[in-house]
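A.B. asks: how would this look folded up:
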Amino acid sequence: MLDKVALCRTEDVAVLMQAIGTRARKAARVLALAPTAQKNAALEAMAVAVTEESASILAANALDVADAKAAGLTPALIDRLTLDPSRIAAMAAALREVAALADPVGAAIAAWDRPNGLQISRVRTPLGVVGVIYESRPNVTADAGALCLKAGNAVILRGGSDSARSSAAIHQALVTGLQQAGLPEDAIQRVPTTDRAAVGEMLQGLGGSIDVIVPRGGRSLVERVQREARVPVFAHLEGLNHVYIDGAADLAMAIDVTVNSKMRRTGVCGSAETLLVDRKAAATHLAPVLDALGRAGCEIRGTAEVTALYPLASLASPEDFDTEYLDAIISVALVDGVEGAIGFIAQHSSHHTEAIVTDDAEAAARFLSGIDSAILLHNASTQFADGGEFGMGAEIGIATGKMHARGPVGVEQLTSFNYRVTGTGQTRP
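C.D. replies: As a prediction, the model looks like this:
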């Protein structure tokens, strides 16, 4: 039974969150009608503010990083959390890239005429209020705020406790941009408490204020959101991503793509966690690729068949092939061609991102059509699983579900649509 102090605290969080939701709904009505130029002006002002406030953002981030190190977070998670001048510059650039995107609101997706003279069009409209729940990565604060604004949505941001100071500093820069453009500050709100009860309130929808939830984090967070949410969810599940090296793969390309897929940044959701090699290519490709991974600092865990061929690898457990390491570790297995790769991935994938390396066009086509994942690549690194790399300016996350949005969630995915029918007085008999 909760004591009186805890009960009061929980009630206070509920009151706080309901107020945030009410303000967000009011702001959403303004944003839905905001002209493109005004939204773009806000995004440009945000980019300027992020740059001008970089010293305070970095100072706040240094405190978060120090706490994370003291708490024993893994190097990969600390990398996710850490900001530096280049990442601040990338954040500002992403804000400008979103400003440069076409405004989806009001765009006609399709239009047609009926024999009775009715003119029908399907037109993009804002979702309304988006709730974003995320962990560790403070740049999500800027990305989510920018994308929701461009799509005409208000957003409620609930970042992780690890990045609370960093997110607060970035959020202040976003508010500055809204103020300068004459848009409501409540268009981008940050939940000011790390109390987990705030997440529960968001998942209940804040009395009808939230239209959709976007979770971005580990399995435990996403599972809680999917289990408890009373509003639609754009699920961003963990990235159990695979690279498959086919028997017809160019060796140099296989090495480059695999090492980049795993080691460019191990803590991002697009990082490869499992390497599959065609048994027909094991004699020629396995050792060179694993040697390159080892030189890059990657720990290799393989099946008994792999360790027999490559003794420097340690023996993988069955659980390894279902683990998102987010670290410099990769699981390795041999498979029988494309069909073997498809079967293995179907058993272990989280439906996020998979890649094939091959010069065989038929093998590539079979791989791309036979796998049910949000992003599929042929002869390219899984690290391209990113909205910015897709030309979307940024992303809120990679949606691994199948409804409404799938893959990178950018401005278009943050809209719904309605049908607009124009007549000349027609009535239905």
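
A.B. asks: element containing the closest residue to residue 316 other than its chain neighbours?
C.D. replies: Nearest in space to residue 316, with sequence neighbours left out and distances taken as C-beta to C-beta, 6 or more residues apart in numbering, is residue 301 at 3.9 Å. Using the backbone N, CA and C atoms, a C-beta is placed for each residue, glycine as well. Counting by DSSP states H and E, the element that carries residue 301 is strand 299-302.

A.B. asks: the residue nearest to residue 316 and residue 312: what is the separation?
C.D. replies: When distance is defined by C-beta to C-beta, to the nearest Å, residue 301 is 11 Å away from residue 312.

A.B. asks: which one's more surrounded, these two?
C.D. replies: residue 301 (21 against 11; other C-beta atoms under 10 Å).

A.B. asks: is the more buried one bridged to anything, and to what?
C.D. replies: residue 314, residue 331 (DSSP bridges).

A.B. asks: could you do residue 278 as well?
C.D. replies: residue 335.

A.B. asks: got the contact list for the strand holding residue 301?
C.D. replies: With C-beta atoms under 8 Å, 6 or more residues apart in numbering as the test, strand 299-302 has contacts from 290, 293-294, 310, 312-317, 320, 328-333.

A.B. asks: please indicate which of those residues are buried?
C.D. replies: 290, 293, 310, 313, 316, 320, 328-333 (16 or more other C-beta atoms under 10 Å).

A.B. asks: ok, then the element right after the biggest helix by length in the chain?
C.D. replies: As assigned by DSSP state H, the longest helix anywhere in the chain is helix 4-31. Next helix or strand after helix 4-31 toward the C-terminus (DSSP H and E): helix 36-52.

A.B. asks: mind listing what residue 131 touches?
C.D. replies: 155-156, 158, 202, 206, 210, 212-214, 231.

A.B. asks: contacts only, for residue 47.
C.D. replies: 92-93, 95-96, 99, 177.

A.B. asks: which pair in the residues you listed spans the largest distance?
C.D. replies: 93 and 177 (14.7 Å; C-beta to C-beta).

A.B. asks: of those two, which one has the most company?
C.D. replies: Regarding residue 93 and residue 177, a neighbour count based on other C-beta under 10 Å identifies residue 177 as having more, with 24 against 16.

A.B. asks: pull the distance from the next helix or strand after the strand holding residue 301 to the chain's centre.
C.D. replies: Remark: after strand 299-302, the chain's next helix or strand is helix 304-309, criterion DSSP H and E. Distance of helix 304-309 from its chain centroid, counting by C-alpha atoms, centre = their mean, to the nearest Å, is 35 Å.

A.B. asks: before we move on, what about stretch 312-325?
C.D. replies: 25 Å.

A.B. asks: start to end distance for stretch 233-245?
C.D. replies: Using C-alpha to C-alpha, to the nearest Å, one end of stretch 233-245 lies 34 Å from the other.
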